[in-house]
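K.L.:
predicted coordinates and the sequence they were generated for:
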Amino acid sequence: MNAQIEFRSDNAAGVAPEIMAAIADANTGSALAYGADEWTARLRDTVRAVFEHPDADVFPVISGTAANSLALAAMCPPWGAVMCHDTAHILQNECGATSMFGGGAMIRGVAGDHYRIEPAALEQSFEATRWGDPHHSQPSVLSLTVPTDFGTIYTPKQIVELTTIASRRGLTAHLDGARIANALSVLGCSPADLTWRAGIDAFSLGAMKNGVLSTDAIVCFDPAIAAELVYRTKRSGHVASKMRFQSVQLIAYLTDDLWLRLAHQSNATMARLAAGLCKLDVEQLNEPDVNMLFIRVDPAVADRMAEAGLLFYRIAADVVRLVTSFQTTDADIDTALTRIESTLTP
Ligand SMILES: Cc1ncc(COP(=O)(O)O)c(C=O)c1O
């Protein structure tokens, strides 16, 4: 029986040793609860330094869904609409969390190839809006997912184009950065260039898909959004008494480029896998810009891949999703490619 190789999700990966060590280091003595501790203060300073923004604020929360929905609720009035891509996680996979925390705020999908919102489609959706008509929810926030749920990315230039269109209509801009480190690692731009310098007012700092144990965070660049989040995080049960252990994870994550090094490993192993599958003539359905690839294979081939010990999700009978993580090694990829090659013919 072959050893299993994990391609289901980066959520299935473990915790980076540096994060475990940071938690152990913080486990000395007592500290004030609910974020009044020295680690949470240091986290704020770290975020301000890494994102080059003197007013940035940070709120550790327990999941990407919490980060997205609480940030968006703070940014969108109950009669407003959050505009996002048709395939966005906030629209398709969060069970209406943004609408719940947002007091009924709507989420409206906008089309676009490669899972990215097209500027023209965003303009069209604004033209179709009955602005000022109380019978119609009012577009209030643009939410971009970077990387997208299907592993493609927006460049800072593409983000600027969209946030400029949105801001002309008075919208603020949010970024779902569940895998933001993967995007930064590929783009090579600064964290500031991908966020506030591109017009983003608040974003979800994903960390748990990339080696962190138990925290993501909301980062906001607008003090008005931060002021609301103080209360919204508490009301929703996201102000942990032991916040120091969340904060210390995020400090370690953002220090000495750990987040980018971990993301580089998952991106690089995916690039190796995609190149190998290309040589095997396996059809790829997305540009695997980061750590996620969708391939089309005969259902019998997918069955044999599973029997060969590869762990993955089937999106359809003939579509397989493959995701690498910071724990995936080159050896995993080479073994996986050998096994896939042997499954292509019965
Ligand atoms: C793009 C994106 N955003 C948000 C989330 C939500 O994260 P969580 O599952 O921690 O709530 C996910 C989870 O897979 C995701 O892929």
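P.N.:
Thanks, I have it.

K.L.:
got the residue ranges for the helices in this protein?
P.N.:
Applying DSSP state H to the chain gives helices spanning 17-26, 38-50, 64-75, 89-92, 97-101, 119-127, 156-168, 180-187, 191-194, 223-235, 243-254, 258-279, 299-307, 330-343.

K.L.:
and the ligand, which of those is closest to it?
P.N.:
Among the helices of the chain, helix 64-75 comes nearest to the ligand, with 2.4 Å by CB to the nearest ligand atom. Placement of C-beta: from N, CA and C, glycine included.

K.L.:
so is that closest one next to the ligand?
P.N.:
Yes. Residues of helix 64-75 contacting the ligand under CB under 6 Å from any ligand atom: 64-65, 68.

K.L.:
would you mind pulling the contact partners of that helix?
P.N.:
59, 61, 82, 89-90, 94-95, 97-98, 100-103, 105, 140-141, 143, 172, 174, 176, 178, 201-206, 208-209, 216-218, 220, 225, 228-229, 232-233, 236, 238 (CB atoms under 8 Å, 6 or more residues apart in numbering).

K.L.:
restrict those residues to those near the ligand?
P.N.:
Checking the contacts of helix 64-75 against the ligand (CB under 6 Å from any ligand atom), the matches are 89, 176, 178, 208.

K.L.:
give me every residue in the stretch 101-250 of the chain lying close to the ligand.
P.N.:
For the stretch 101-250 of the chain, the residues in contact with the ligand (CB under 6 Å from any ligand atom) are 145, 149, 176, 178, 208.

K.L.:
what's the closest of the residues you listed to the ligand?
P.N.:
Closest approach to the ligand among those (CB to the nearest ligand atom): residue 178, at 3.4 Å.

K.L.:
mind checking how far the closest one is from residue 318?
P.N.:
Separation of residue 178 from residue 318 (CB to CB, to the nearest Å): 27 Å.

K.L.:
neighbour count: these two, which is higher?
P.N.:
residue 178 (27 against 15; other CB atoms under 10 Å).

K.L.:
hmm, back to that, deepest-packed of the helices of the chain, please.
P.N.:
Ranked by mean neighbour count, the helices of the chain are led by helix 64-75 with a mean of 27 (mean count of other CB atoms under 10 Å).

K.L.:
what sits against the closest residue to residue 158 other than its chain neighbours?
P.N.:
Sequence neighbours aside, residue 116 is the residue nearest to residue 158 in space, at 6.9 Å (criterion: CB to CB, 6 or more residues apart in numbering). Residue 116 sits next to 85, 148, 152, 154, 158 when contact means CB under 8 Å, 6+ apart.

K.L.:
buried stuff in stretch 130-146?
P.N.:
Going by neighbour count (16 or more other CB atoms under 10 Å), the buried part of stretch 130-146 is 137-146.
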